[in-house]
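1. Following is a predicted model, sequence given first.
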Amino acid sequence: MKTILLTTLLLLFITCLLQAQQNQLFDDRPKITVNGEAIVKVQPDEIIITFGIETWDKDIMVAKQKNNKIMKDAIAVIKDSGIEDKNIQTDYLSIEPRYDNSYEKKDFIGYFVRNTFVLTVTEPDNVEEIVTGVLQSGVNYIHNINFQTTEFKKYREQARELALLAAKEKAEKMAATLNMKVGDPVQINEGHGGYNWWSSWSGWGYGRTNMMTQNVIQNIESGAGEISETIALGKISIKANVNVTFVLQ
């Protein structure tokens, strides 16, 4: 008898406990859910440029020597501008034969040598001069230019705070229209943020793009002479997006 009584009491206790938990989970207070977004404009302090060199000749060694010479001349220009060795990295190298009729491998054109290197510039004011000198040395492709900030975390936090304030302001205005007030937030979710970016691609069909690409990809013929206004230094847009649920009072 005692066992049956204890079992019954235990079941009642568990039932009450489960019901209490369900009541806690169910929140029937009136709420409002809004989205907040903010963008912080930042001047880039680091620019990563991917250059490409393409040479060809029917003699494979001649094609390679042409490419090596352009690379050597370009590196000399870069070092003369004050760029350190650690900021110059080889990225890609390929050598391939090419034919007018590639399927049957007839009418041999020559061996095409392609080489790319990546340059990191930490003085944005010097970018135009560096790019001009590199292109005049014989480099014939700019594959990618990435504008970055080394203080991304700081600016992302600023954007997030502004997004939260925007969400609260929106909720308050909407609630006021309904003669209500906004109470405490009960749920906050962060949406996609990061850099606003634009990307395009042309050239050899390989390379790198990422979320920090602002602009620009250009093909520039060798011996193009005076080159100016090739890079427009703008500001990076760092975006934050939040979704907040407030209690209505």
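-> That came through fine. Numbering: from 1, shown residues only.
2. The longest helix that the chain contains packs against which elements?
-> Counting residues, the longest helix found in the chain (DSSP state H) is helix 152-177. Helices and strands touching helix 152-177, by 3 or more CB pairs under 8 Å, 6 or more residues apart in numbering; DSSP states H and E, are strand 31-42, strand 182-190, strand 236-248. (C-beta placed from N, C-alpha, C; glycine too.)
3. Let me see the ranges of the helices in this protein.
-> 2-25, 60-80, 127-136, 152-177.
4. tell me how far the third one is from the chain's mean position?
-> Remark: helix 127-136 is offset 24 Å from the chain centroid, using CA atoms, centre = their mean, to the nearest Å.
5. cool, the last one as well?
-> Centroid separation between helix 152-177 and its chain, computed with CA atoms, centre = their mean, is 23 Å.
6. ok, and for it, which residues are buried?
-> Residues of helix 152-177 classed as buried: 155-156, 158-160, 162-164, 166-168, 170-172, 175 (neighbour count, 16 or more other CB atoms under 10 Å).
7. Among the residues you listed, find me the one that's closest to residue 190.
-> residue 160 (7.2 Å; CB to CB).
8. Next, the buried residues of the lengthiest strand in the chain.
-> Counting residues, the longest strand found in the chain (DSSP state E) is strand 106-121. Within strand 106-121, the residues scored as buried using 16+ other CB under 10 Å are 110, 111, 112, 113, 114, 115, 116, 117, 118, 119, 120, 121.
9. What's opposite the first one in the beta bridge?
-> When you say that, I think you mean residue 110. residue 98 (DSSP bridges).
10. surely it meets residue 57?
-> Yes - under the criterion of CB atoms under 8 Å, residue 110 lies in contact with residue 57, with a separation of 5.3 Å.
11. Could you name every residue contacting both of the two?
-> residue 63 (CB atoms under 8 Å, 6 or more residues apart in numbering).
12. Check the average confidence over stretch 103-110, would you?
-> The average pLDDT within stretch 103-110 is 86.
13. Ok, stretch 167-187 next?
-> In the prediction, stretch 167-187 has an average pLDDT of 93.
14. And the longest strand of the chain, what does it pack against?
-> Against strand 106-121 (3+ CB pairs under 8 Å, 6+ apart) you get strand 46-57, helix 60-80, strand 88-101, helix 127-136.
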